[in-house]
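Q: here is a sequence with its predicted model. Questions after.
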Amino acid sequence: MRIRNFQFSIPPLSRLLLCLLLSCSQKKSEPKIDPSTYAKPDLGYTRVGARREPPPIAFTDITRQAKLDFHHETGAFGKKWMPETMGSGCAIFDYDGDGLPDIFLVNGTFWPGHEKGGPPPFSRLYRNRGDGTFEDVTERAGLAFPLYGMGVTAGDYDADGDLDLHLTAVGEGRLLRNDGGRFTDVTRKAGVAGRQNPAWSTGAAWVDVDGDGRIDLFVCNYVHWSPETDLFTTIDGVNKSYATPQQYDGATCRLYRNRGDGTFEEITQKAGVDNPKGKSLGVAVADFDDDGRPDLVVTNDTQPNFLYHNQGDGTFRDIALTSGVAYDEAGRARAGMGVDVASLDNDRAIAIAIGNFSREPVSLYRQSGGDIFIDEAGGRRIAQPTLPSLTFGLLFFDCDLDGYLDLALANGHIEPEIQRVQKDISFEQRPQLFWNDRERHFQDVTGRAGEPFARGVVGRGLAAGDLDGDGDLDLVLTASGGPAVLMRNDTPAGKAIRVRLRGAPPNRDALGAVATATAGDLEQRAMARTGSSYLSQSETTLTFGLENRPRVDRLSIRWPDGRTERLENLDAGFTYEIEQGRGIVKRVPFRQRPL
């Protein structure tokens, strides 16, 4: 991220020449790209409107009635230390195995010597009661400990049937083993304590990188910052402001291989993902070449993004530069925050959405063939509406269950005093919602999406899940220094099925499995995966919107071990639990949606 008024930038022509020189230095097996072919942002926003009109879209803030009484603590005491403005995230996951998605909200804490009185703030776990309300079970679950937390990812790393947590943080992160609903800190015992000092980990994901069936842990790291190395930066030439990452050295991501005995081996260098120039914030998992092996896209703040191609032997190769996702179309590294991946047109071409700084539009790189990506943010009509926003969390989800994925953004600036120097940019910013019109455009429906999209927040994390069991996807949004927001989806939506995959041990949650749902002329694909958004994780249950179609004619599942299964005639209106080798083992009807 950057404050434009004080940015040192290389002229675009020099940047372009630098990119070409770097591209020439790549291995001969990598394709070469002419940056002049990159799609240019359609900032004019002058094309003729789309033919289809969006449906009535309605989200309702039910935070208070759901008893979600969480407030994020930054620990700020006047020094404007950099981490205070960067957190934090959330996760939607079923911690107790009762079939109801629960909510975990990551919190900061007080800085040593600057406590504010009263009990210290904790991250909070809220159990879904199934009646529209949540119960704070933080202490009962063994999670009442202070941590300057940043992000969270949930996965069953020990294959015992319940979901464990990894928390990223300023300082040492935490691996928390779930033993029947109570968590135990096994960070050091498991061998995942960070080696860098000072440590500041951010996004993370559970993913089986080497195909051995055991899920491994990928952890992003940001910059080398500590209170002792904190630097004075300013946006008005007088007063201190929150720093941007250009002033600090970057830190490499870390990859930990699951040994299967409760411990991990760090394989960062061995796997080819060691890069100390990275200033990484987000990670998303996808299989870009459909070879059955998970690839990784990593966003970097003011540094080129990474696109790690899984080579099938436990190693990765960064192809971001030659693929066109490292820089923007002018050869500049943007302020990559959150990230998500999806097929927007149900044609199997994968798109990568990345949140960026204010006055930088959201990036939307779409596969144009093989490993080549083109930024279609302008053509898809999201460049102009996202220019003023500083976007952290973002995710693709089908808000109206019409079978096409829409895009939600969590926005908020890092500097409370930004309007003193940039009158058109605010600290609190509205979330945004873009509706996929099936004509290769997004329509900005923020103004008609309900009260939660009408007010500004200092948005950070964003996650989606069906929290009330009615079949559509609700949203949880976190705010820096503010309350979390639970948005119930009350959109008059179409029909759908939901699919909860149960894989063969040790990958019990079938991470990496790809399901293809065919209903008449509509075909959708989705992967069971963790990560994405900003410091957050959505539920791993897959949702397939069907609009008015009564059923899925055929559901094909490619399991992580490469085996495939096919099921037929799955009626709409149900969540299906499907176990590898056994087919449907449970079918739960959706609840009645509120009127």
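A: Nice, thanks for sending it over.

Q: gap between residue 415 and residue 332?
A: Look at residue 415 and residue 332: by CB to CB, to the nearest Å, they are 21 Å apart. No exception for glycine: its C-beta is placed from N, CA and C like everyone else's.

Q: more crowded one of these two?
A: Each of residue 415 and residue 332 has its neighbours counted (other CB atoms under 10 Å); residue 415 has more, 23 against 17.

Q: verify the contact between that one and residue 85 for me.
A: Yes: with contact defined as CB atoms under 8 Å, residue 415 counts as touching residue 85 (7.3 Å).

Q: where are the low-confidence patches of the protein?
A: Low-confidence segments of the chain (pLDDT under 70): 1-51, 196-197, 593-595.

Q: just give me the residue right at the centre of it.
A: Centroid-nearest residue in the chain, with CA atoms, centre = their mean: residue 533, separated by 1.6 Å.

Q: hey, what's that one bridged with?
A: residue 339 (DSSP bridges).

Q: so what's it up against?
A: 89, 282, 338-340, 393-395, 461-463 (CB atoms under 8 Å, 6 or more residues apart in numbering).

Q: go with 10 Å
A: Residues counted as contacts of residue 533 (CB atoms under 10 Å, 6 or more residues apart in numbering) are 89-91, 151, 203, 282, 284, 337-340, 355, 392-396, 408, 410, 460-464.

Q: pairing partners for the host helix or strand of residue 461, with directions?
A: Using DSSP states H and E, residue 461 maps to strand 459-465. If you go by DSSP bridges, strand 459-465 pairs up with strand 474-479 (antiparallel).

Q: give me the secondary structure label for the residue sitting furthest away from the middle of the chain.
A: Distance from the C-alpha centroid of the chain peaks at residue 238, with 35.8 Å (CA atoms, centre = their mean). Following DSSP: H, G, I helix; E, B strand; the rest coil, the label given to residue 238 is coil.

Q: phi first, then psi, for it.
A: Note on residue 238: its backbone torsions stand at phi -130, psi -60 [degrees, to the nearest 10].

Q: same thing with residue 85?
A: phi -100, psi 10.

Q: likewise residue 247?
A: phi -80, psi -10.

Q: run the chain-centre distance for stretch 159-170.
A: Stretch 159-170 sits 16 Å away from the centroid of its parent chain (CA atoms, centre = their mean, to the nearest Å).

Q: now swap in stretch 258-274 and tell me
A: The chain centroid and the centroid of stretch 258-274 are separated by 22 Å, computed with CA atoms, centre = their mean.

Q: how long is that stretch end to end?
A: 18 Å (CA to CA, to the nearest Å).

Q: what's the answer for stretch 545-555, then?
A: 13 Å.

Q: flag every buried residue along that stretch.
A: Residues 545-547, 549, 551-552, 555 are the ones in stretch 545-555 that count as buried (16 or more other CB atoms under 10 Å).

Q: quick check: the farthest pair among these?
A: Across the buried residues of stretch 545-555, the longest distance by CB to CB is 16.9 Å; it joins 547 and 555.

Q: residue 508 versus residue 222, what's the distance?
A: Taken as CB to CB, the span from residue 222 to residue 508 is 31 Å.

Q: more crowded one of these two?
A: residue 222 (26 against 22).

Q: what sits against the more buried one?
A: Applying CB under 10 Å, 6+ apart, the residues near residue 222 are 82-83, 86, 150, 168, 170, 199-203, 245, 248, 250-251, 278-281, 300-301.

Q: cool, and residue 308?
A: Residues in contact with residue 308, defined by CB under 10 Å, 6+ apart, are 209, 218, 253, 255, 271-273, 275, 283, 294-298, 315-320.

Q: just those residues: which are in helices?
A: Mapping the contacts of residue 308 onto helices (DSSP state H) picks out residue 320.

Q: roughly how far is the strand holding residue 461 from the heart of the chain?
A: On CA atoms, centre = their mean, the centre of strand 459-465 falls 8 Å from that of its chain.

Q: kindly report the same for stretch 84-98.
A: 12 Å.

Q: could you do stretch 90-100 as well?
A: Mean C-alpha position of stretch 90-100 versus that of the full chain (CA atoms, centre = their mean) differs by 17 Å.
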